[in-house]
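Visitor: sequence unknown, structure follows:
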Ligand SMILES: [Zn+2]
């Protein structure tokens, strides 16, 4: 493979603690190596006056699978005027908030992202998810199967059978080629099948007679029993409602007393996603306000938690979540079209378009909360930037979110020109925050942090020799005074150079190679468990609409280039 | 006002996508520069000049620019798309999306237009001397935002799904319309001098539909209120007044339920 030396850039790498030193990054055989290990024939990339970081790591986005595709199908208007023509290596693409698979891969790569996690895979449709992942070029991807409303899980945990839960998780991760344990509105989506919901962690799930609190604690325990790379990854109950922060604090508290057990360097036992949607105070939309301070006080003082923000970008977008009841509630609020995708014994997703208008007070407060969370985070290694794509905004807006976080001027300009500026300013502490996220902190929040939380820190998110050569070079000179905050958005929108596993994939914002994309999954070995295997066979015979033989995602068609992270729980 | 005349001299074998035939795009350009604007024939990109003879330079702004389109443009789409000012005159008939997303200016088509004309129109004036196709002044596929402003006059007949998701503006059709008039409308006014067969104003929640001719089958969600005298386009007559669609969600304004109003000449 080709050798490269990226010379004289300003390097920001939290993994090695490098804070903008002018230095070189050497690449050989797909890995970062010491400068001394490359030959004279290495291709030189001049990064003088530019910022060099590891490829960014997306910890939570909805980019592949049935609900994403349902969005594409029922929103042709999302494609209007957003189609891109074939150009060089690039195939044609379409869509803004729900781009086609090819466009998704290109857009992430052009911004310097090289790894992304699909945040909610319905196990029954894992084949569909993997076909889309396969067709998303360049970036390495993994997918999180959803467990929080799964009949097996609820039945085992009802009887405190953690070992059986773990054996079932191991089986399902293998069958679906999944990466982590995702939980969405635990118990609530199942309760919705009975016309109900679980809005607090103590609301019992009908028939199963188990509470969200029991599901969450049981899944944390099973996750640590297995020693998976990532922790239990949760979208808590009561999302998006005024006053929901109390439910969020109750949920965070469930992680108390648990300690991470794994060989991947992960320290947290719970990752809370799109915290913005879970940090609301007030009793109704009239007195709706931010509770970001309360939430971040808790997160800052609890090292066993990581989180991502879910920043509202003030765009027209498409919301989609395995929180089926929430989407039904949302269509009642905005009266826009609703689609639902029920998944038998496992989950149910909904889709509704949404316009985050800067003229609407609630939307502007949501925007404030997302930024507040990141700016109040004391440890950038535990707070990551997302838009919960496409729920709070398209991932292609990351550079704009970076601009708001890195420049007080940029965000104050936005804040002070909202239609209801006075009310918006009064509903959060954002106007009092003068912190500006540094490039080093940005690298923590978008590279090293998410990689560590995902258990990938020895592989990606940093530039240490031995790691995968995922590198992004931006036309941004940290030594020059920032004349205009727009320069941040421009630079991070289109990287000058991007390398994925040592292959140059982007040059001056254009795709030059589709790389060697991999599907990341977790192969967990457990002791033989005849009971769980029998339960699975029985459920397939009794309830599933497909046979067990037609369930598994395997083989070249679905996963042409797999990369398995192995864990061995047979000795536990 | 400066006039640019474009005359079809080399008709395309496939349909031509020509959204640049628009005063906003022509403004400030010479005839030679206009000839260089791109078009698509199928997936082949070429220039306007390959198909049209272009004479006259455009004005400095869209407002100062008039475009006259001559020759057979039945296979040309998107004429006048997104125009915000100025004038477009099509001397014959044209294809899909004429005047779509227009926000100002005047467009006159002397022949017929095909479907999706004035899609999501915001303002300006569109006059069709012949017949209009389906989805006139409607929302784009999947969208819930149809015509919101401006005026449309069709001297002939119009097709189905006219004014779907219309939220504002005014439309007059001198002839007949086909099914699904004003479906999902949330505002605006549609006057049909001829007949409307069926499914008129289904799921309409606000706005006005006035039919001079017959309605073969009335939607069951519409409720007769009373007979009223109305002056419409210079004609004073008695109309039966219905409100609806009562099967839909309706908002309240000043304590009053807001309904769509349907009038049919008695
Ligand atoms: Zn999500």
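Guide: Cool, the structure landed. Nothing here was measured: the structure is a model prediction, and the numbers come from that model.

Visitor: Any stretches of the chain with poor pLDDT?
Guide: Here I'm looking at chain A. Within chain A, the set of residues satisfying pLDDT under 70 comprises A:1.

Visitor: residues in contact with the residue of the stretch 151-266 of chain B found nearest the ion?
Guide: Using Cβ to the ion, the closest approach of the stretch 151-266 of chain B to the ion is made by residue B:249 at 28.7 Å. Every residue, glycine included, has its C-beta placed from N, CA and C. By Cβ atoms under 8 Å, 6 or more residues apart in numbering or on different chains, the contact list for residue B:249 reads A:335, B:205.

Visitor: secondary structure class for it?
Guide: coil (DSSP: H, G, I helix; E, B strand; the rest coil).

Visitor: Close to the ion: what parts of the stretch 351-500 of chain A are there?
Guide: The stretch 351-500 of chain A has residues residue A:388 near the ion, with proximity defined as Cβ under 5 Å from the ion.

Visitor: Tell me where the stretch 351-500 of chain A has helices.
Guide: In the stretch 351-500 of chain A, the helices defined using DSSP state H, counting those that start in this stretch lie at A:361-376, A:398-406, A:408-416, A:421-426, A:439-443, A:449-453, A:486-493.

Visitor: so what secondary structure elements neighbour the fourth one?
Guide: Spelled out, that is helix A:421-426. helix A:361-376, helix A:408-416 (3 or more Cβ pairs under 8 Å, 6 or more residues apart in numbering or on different chains; DSSP states H and E).

Visitor: do the first one as well
Guide: Packing partners of helix A:361-376 (3+ Cβ pairs under 8 Å, 6+ apart): strand A:289-290, helix A:292-300, helix A:398-406, helix A:408-416, helix A:421-426.

Visitor: Now mean neighbour count too, for the ones you listed, in JSON lines please.
Guide: Listed next are these as JSON lines, based on neighbours: other Cβ atoms under 10 Å in any protein chain shown:
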{"stretch": "strand A:289-290", "mean neighbour count": "22"}
{"stretch": "helix A:292-300", "mean neighbour count": "19"}
{"stretch": "helix A:398-406", "mean neighbour count": "24"}
{"stretch": "helix A:408-416", "mean neighbour count": "17"}
{"stretch": "helix A:421-426", "mean neighbour count": "16"}
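
Visitor: which one of these lies closest to residue B:132?
Guide: helix A:398-406 (41.2 Å; Cβ to Cβ).

Visitor: and the spatially most central residue of chain A, how far is that from residue B:62?
Guide: Per Cα atoms, centre = their mean, the C-alpha nearest to the average position across chain A is that of residue A:60, at 0.9 Å. The gap separating residue A:60 from residue B:62 is 45 Å, by Cβ to Cβ, to the nearest Å.

Visitor: Kindly report the same for residue B:262.
Guide: 38 Å.

Visitor: Those two: which is more packed in?
Guide: Using other Cβ atoms under 10 Å in any protein chain shown as the criterion, residue B:262 and residue B:62 rank with residue B:262 on top: 31 against 21.

Visitor: Quick check: that one touching residue B:243?
Guide: Yes - between residue B:262 and residue B:243 there is a contact at 7.4 Å, judged by Cβ atoms under 8 Å.

Visitor: Many thanks, have a good one.
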